[in-house]
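Undergrad: heads up, no residue letters with this:
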């Protein structure tokens, strides 16, 4: 199995759970936040999707990009589908050698990281915020929640 | 840098944050839970500490073990210190070859995993539940929270 295929499995084992949670969120809950200082649900979901995509672009030495503009009225489910598709395209086009390449992320991390390290950081970031989102979705009244990771 | 030294850095980059959150929790908040169906704070913290330790023991093909019995009155901070110390001892005694060993975790995951894969699953599990804990601690009234990971 190639490195990109293996990484895609790993990415999807968490992204599929993110999408399952997003599917439970009604549009009138987009502004829900558990405390006044918390991030709103919609912002939290967008932060997850956009950050993983940003890291996948960085792996190709591409600048950050936003696929959906703030004034577009697109459901969170559709946003999750679009970001997932574009993120998968970027990861699947990485060669074996690409995973060893050094990427200059000193701006963000104060050091260079290999593409493999960078993508692992991206997933850790998604797992963290998906962990936040689990509590949000339970507070919206859902008690039948998935496991935090999808085993194959 | 050896594999165990590198893995210890990775483990501590998250465990130190878990401990920072635990240090904010007062004893009268141990039973706090955000919704009736949520895990109580004390149980959630113990679940994080015990599970990572259990995986580190599995890496040595040792059965699960509980360092503190339920009827002992030990603060969560002290429990975190003890479990961290014992988990570090287990990881630091792994040789380079140990990381490639297959461990039979078919009971839990339906497949064998290498020690390296098993320990990565352990950290993902901790990141997920630490992500839950961030929302709990914010709901306890804390707004000055650390970043989800400690960069060196």
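TA: Cool, got the structure. The shown structure was predicted, so the numbers you read here are calculated from the model rather than taken from an experiment. Numbering: from 1, shown residues only, chains lettered A, B, ... in the order given.
Undergrad: any chance you could map the strands in chain A?
TA: Counting by DSSP state E, chain A has these strands, from start to end: A:102-104, A:112-114.
Undergrad: quick check: mean pLDDT of the first one?
TA: Model confidence over strand A:102-104, given as mean pLDDT, is 95.
Undergrad: and the residue nearest to residue A:41 when sequence neighbours are not counted, what pLDDT?
TA: Taking C-beta to C-beta, 6 or more residues apart in numbering or on different chains, and ignoring the residues beside it in sequence, residue A:41 has residue A:32 as its nearest neighbour in space, at 4.8 Å. The way it works is simple: take the backbone N, C-alpha and C, and place the C-beta from them, glycine included. Among the per-residue scores, residue A:32 shows a pLDDT of 98.
Undergrad: how about the residues of chain A by chain B?
TA: Residues of chain A found near chain B, taking C-beta under 8 Å from any C-beta of the partner chain as the criterion, are A:34-35, A:37-38, A:109-110, A:123-125, A:127-132, A:134-136, A:138-139, A:143, A:148-149, A:151.
Undergrad: go with 7 Å
TA: Residues of chain A found near chain B, taking C-beta under 7 Å from any C-beta of the partner chain as the criterion, are A:34-35, A:37-38, A:109-110, A:124, A:127-132, A:134-135, A:138-139, A:143, A:148-149, A:151.
Undergrad: least confident secondary structure element in chain A?
TA: Among the secondary structure pieces of chain A, namely its helices and strands, helix A:106-109 has the lowest mean (mean pLDDT, DSSP states H and E), a mean of 86.
Undergrad: on that earlier part again, phi, psi for the residue nearest to residue A:41 please.
TA: Backbone torsions for residue A:32, taken as degrees, to the nearest 10, come to phi -60, psi 140.
Undergrad: so how far is chain B from it?
TA: Residue A:32 sits 12 Å away from chain B, taking C-beta to the nearest C-beta, to the nearest Å as the criterion.
Undergrad: go on, residue A:22?
TA: Summarising the geometry, the distance separating residue A:22 from chain B, computed by C-beta to the nearest C-beta, is 16 Å.
Undergrad: identify the residues contacting that residue.
TA: Applying C-beta atoms under 7 Å, 6 or more residues apart in numbering or on different chains, one finds that residue A:22 lies in contact with A:45, A:76, A:77, A:80.
Undergrad: which residue, other than its chain neighbours, is closest to whichever residue of chain A sits closest to chain B?
TA: Distance from chain B to each residue of chain A (C-beta to the nearest C-beta) is smallest for residue A:131, at 2.0 Å. Leaving aside its sequence neighbours, residue A:131 sits nearest to residue B:131 (C-beta to C-beta, 6+ apart; 2.0 Å).
Undergrad: the one you found reaches residue A:125, doesn't it?
TA: No. Here residue B:131 lies out of contact with residue A:125, judged by C-beta atoms under 7 Å, at a distance of 10.0 Å.
Undergrad: residues touching residue A:54, list them.
TA: With contacts taken as C-beta under 7 Å, 6+ apart, residue A:54 has the following neighbours: residue A:64.
Undergrad: select the longest helix from chain A.
TA: Ranked by residue count and defined by DSSP state H, the top helix of chain A is helix A:115-139.
Undergrad: the residue nearest to residue A:41: neighbour count?
TA: The number of residues packed around residue A:32, counting by other C-beta atoms under 10 Å in any protein chain shown, is 17.
Undergrad: sorry, back to before: starting at the chain centroid, how far to the least confident helix or strand of chain A?
TA: 19 Å (C-alpha atoms, centre = their mean, to the nearest Å).
Undergrad: thinking again about what came up before, looking at the strands of chain A, which is buried most?
TA: The highest mean neighbour count among the strands of chain A, using mean count of other C-beta atoms under 10 Å in any protein chain shown, belongs to strand A:112-114: a mean of 16.
Undergrad: and the contacts of it?
TA: Outside of strand A:112-114, the residues within contact range by C-beta under 7 Å, 6+ apart are A:99, A:100, A:101, A:102, A:103, A:104, A:105, A:106, A:121.
Undergrad: cool, thanks, talk later.
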